[in-house]
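A.B. asks: A predicted structure for the sequence below; I have some questions about it.
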Amino acid sequence: MHKHKISSIIHDGVKNVGRNKITVEFSFAEAANNFLVNPVLSMCKFKAIIPTYNITRMGLVRGVPVDWSMDELVISLELPPGCGEVLKSRRLNRKTITEGVTTWVPTQSVVLTFRGQMLPAKVYSYHTSLPVETYKLPTIQCLNCCRFGYIKSICRSKPRCYRCAQPHTGDTCEVTLETSTCLHCSGKHFASDKGCPEFIRQQSIKMVMSQDNISYVEAAIKFPPVQRSYAEITKEMFTPPAYSLKSTQKAQTPTNASYRQTIYRSPRPQAPLAKGYDRTAHQTIVGESSSSLPNGCALNNNVDTLPSQGKMLEFISEFLLSIVAPCSEIPLPPNVAKNLSQLFKLLQNGPNNPNSME
């Protein structure tokens, strides 16, 4: 488009909307219509179309009698000023199964397709007002590959089981609901379950497409894909199943009793606790050592238990000799020598001398 100088394209008007698909937004309608017949498209083997959601709106009308034909309804309609003409009408049918036979019963709800982007609040038919609601696009899922947006009869993908997520059809699979695995979120349910997070996401996308009148790609950007972390999957895989001690008495439960059950789990193993405070061992370490003397000897001042005076004087004399011996070559002062001579005389007299202890 830049090479062939296609003009009137708004800024940021070229976007990727899918596999081999782009959108080009022009500043006015005449430029978009001229681009549809531009010879550049055929030369480059491109195909250009205007999406229906850009030029039409779909509304739901209730209370239309079943015996009315769609042509009769469209002819009888009176539209408010500014509303585009009705391009198509379609009656909704309800699915019923009777004795294994599937039938489609027509309802009083009709889907009207209006030209333009304006959806009227009400339309009139035979002088009767019919309120118009926004038609909510249905969420369709293929039972062959479990993808959304089409049905099994037009599926061209390889089969994927909605029970166990393996590459085979789900009709031949014998996996039960308790051991099932969802193909979209890895949960413990079938991929066709209405409570699956991916199914809820697809419903939200269809709701935004209906209200904002935008494409699927633009609506899907607003809702992040359903992804489960590796920690959640492994936690669910390796969690041991809970068991009940009263499961054997389940058949004896009365009909009017509650279905609540007490679940008992085995206690978690705990490491042995360290040894606590031992008072006896503490006193053994920090306490004073026991005395060799009898108890109360210091209070009674028992002289017999003290060392003998002879041993004490002998110890003092040896102590004084050890002090004086190194100084034998050096003369002692007169006063020291006098005191030492008197002390030795006392030691020689022995412990029997009453004046020796003085």
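C.D. replies: Done, it's in.

A.B. asks: Please identify which helix or strand holds the residue lying closest to R115 once chain neighbours are set aside.
C.D. replies: Leaving aside its chain neighbours, R115 sits nearest to G84 (3.3 Å; criterion: C-beta to C-beta, 6 or more residues apart in numbering). Just so you know, the C-beta spots here come from the backbone N, C-alpha and C atoms, and that holds for glycine as well. Under DSSP states H and E, no helix or strand contains G84.

A.B. asks: what residues does stretch 174-189 touch?
C.D. replies: Residues outside stretch 174-189 that contact it (C-beta atoms under 8 Å, 6 or more residues apart in numbering): 146, 160-165, 190-191, 193, 195-199, 226, 228, 233, 236.

A.B. asks: if you set the cut-off to 10 Å instead, what comes out?
C.D. replies: With C-beta atoms under 10 Å, 6 or more residues apart in numbering as the test, stretch 174-189 has contacts from 145-148, 160-166, 170, 173, 190-193, 195-199, 201-202, 225-228, 232-233, 236-237.

A.B. asks: what mean pLDDT does that stretch have?
C.D. replies: Taken as a whole, stretch 174-189 has a mean pLDDT of 88.

A.B. asks: From one end of that stretch to the other, what's the distance?
C.D. replies: End-to-end distance for stretch 174-189, by C-alpha to C-alpha, to the nearest Å: 14 Å.

A.B. asks: what about the helices in the chain?
C.D. replies: 29-36, 39-43, 52-55, 70-76, 197-212, 216-220, 230-238, 279-286, 297-300, 309-324, 334-349 (DSSP state H).

A.B. asks: mean pLDDT for those: which is lowest?
C.D. replies: Sorting the helices of the chain by mean pLDDT places helix 297-300 lowest, at a mean of 50.

A.B. asks: Longest strand in this protein, please.
C.D. replies: With secondary structure taken from DSSP state E, the chain has its longest strand at strand 101-115.

A.B. asks: how deep is V74 tucked in, by neighbour count?
C.D. replies: Residues near V74, counting by other C-beta atoms under 10 Å, number 16.

A.B. asks: Contact partners for F114?
C.D. replies: Counting by C-beta under 10 Å, 6+ apart, F114 touches 55-59, 79, 83-88, 120, 123, 132.

A.B. asks: quick one: C146 and T23, what's the gap?
C.D. replies: The gap separating C146 from T23 is 28 Å, by C-beta to C-beta, to the nearest Å.

A.B. asks: Pull out the buried residues from stretch 73-83.
C.D. replies: Of all the residues in stretch 73-83, those buried under the rule 16 or more other C-beta atoms under 10 Å are L73, V74, L77, L79, C83.

A.B. asks: scratch that, stretch 46-64 is what I was asking about
C.D. replies: Those would be Y53, T56, R57, M58, G59, L60, V61, V64, for stretch 46-64 by 16+ other C-beta under 10 Å.
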